[in-house]
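Asks: The following comprises the amino acid sequence and a computationally predicted model.
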Amino acid sequence: MVKGLTTLGVYLMKTQTLFLVLPIAVCLISVGLRSHDTAASVQFLAMLGPLTVVFPAAAINGPMGSLHQKELFVSLPVSPLSFGVVQPVLSFTFYGVLLSAAYLACVPNSWTNDSSLSAAGALFVSAIALFALTCLLINLLKNAAIGMVLALIYMIFGMFTTGTGQGPFYLFQWFRPRPLTGPDEYIAVQLAGTAVLLAVNFAVIKYRTKLQFLPY
């Protein structure tokens, strides 16, 4: 499993570098803006940071989700468990921590402010949930572009409607909470939802040859 994930990681770094580093670039820019305008730096991170999470998810899952690149599953010793669960957990933990750290770096005195720490925790959970959702959509539909677009639509719709119709799976709660709620209101439910997404992702990959929802 370790050998397969390492080989896959090297392959992706060579072929999908832009998508993999995009969230890192956004975080660095937001922290850089802090010296000029704290509010602007947080706003920049909020508007772009979580959305960029779908790009590394697409970069990682795109080749494996494609019907035309099934030989990668044969050439790489990657099991459904390692690719469907272990790899997403390692990836979204990295990007989730990155976004939360950038947020804390942008907010003055964040480490001594309970509300900032709550928001950072909620940001982490929303980021990993979005990453897991993107992985599932790509592997389910076997199309990176469609899966990524659907995940972005879900996130952006919630951003502009304060989560209308999304219930506790409103992923922008950390920055724009619903009235009379806190930024960390839905952490537990979203964590449980992420676990479910990973379980379904594992099943989709394991039985990928039997699932076909698009006509190609």
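Replies: Now that the structure is in, tell me what you want to look at. Just so it is clear, the model here is predicted, and its values are computed rather than measured.
Asks: What is the helix or strand where residue 94 lies packed up against?
Replies: For residue 94, the host element (DSSP states H and E) is helix 87-106. Counting contacts by 3 or more Cβ pairs under 8 Å, 6 or more residues apart in numbering; DSSP states H and E, helix 87-106 packs against helix 2-15, helix 17-33, helix 38-48, helix 54-65, helix 114-141, helix 187-206. Any C-beta I mention is one placed from the backbone N, CA and C, and that applies to glycine too.
Asks: who's in contact with it?
Replies: Residues outside helix 87-106 that contact it (Cβ atoms under 8 Å, 6 or more residues apart in numbering) are 5, 8, 23-24, 27-28, 30-31, 33-34, 38, 41-42, 45, 49-50, 53, 56-57, 60, 110-111, 116-117, 119-121, 123-125, 127-128, 131-132, 135, 198, 201.
Asks: now it and helix 38-48, what's the angle there?
Replies: Going by axes from the mean of the first three to the mean of the last three Cα atoms, to 10 degrees, helix 87-106 is angled at 160 degrees with respect to helix 38-48.
Asks: got the buried residues for helix 87-106?
Replies: Buried residues in helix 87-106, counted by 16 or more other Cβ atoms under 10 Å: 87-88, 91-92, 95-96, 98-100, 102-104, 106.
Asks: again with stretch 187-203
Replies: Of all the residues in stretch 187-203, those buried under the rule 16+ other Cβ under 10 Å are 187, 190, 193-194, 197-198, 200-203.
Asks: pLDDT and distance to residue 170 for these - can I get that in TSV?
Replies: Below are these laid out as TSV (pLDDT from 0 to 100; distance: Cβ to Cβ, whole Å):
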residue	pLDDT	distance to residue 170
187	97	12
190	97	9
193	97	11
194	97	14
197	97	16
198	95	20
200	95	20
201	92	21
202	91	25
203	91	26
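Asks: Quick check: which ranges of the protein have low pLDDT?
Replies: 1-9, 63-78, 209-216 (pLDDT under 70).
Asks: In contact with the most centrally placed residue in it, which residues?
Replies: When Cα atoms, centre = their mean is applied to the chain, the residue found nearest the centroid is residue 131 (2.3 Å). Residues in contact with residue 131 (Cβ under 8 Å, 6+ apart) are 53-54, 56-57, 88, 91-92, 95-96.
Asks: do that again at 6 Å, thanks
Replies: Counting by Cβ atoms under 6 Å, 6 or more residues apart in numbering, residue 131 touches 53, 57, 92.
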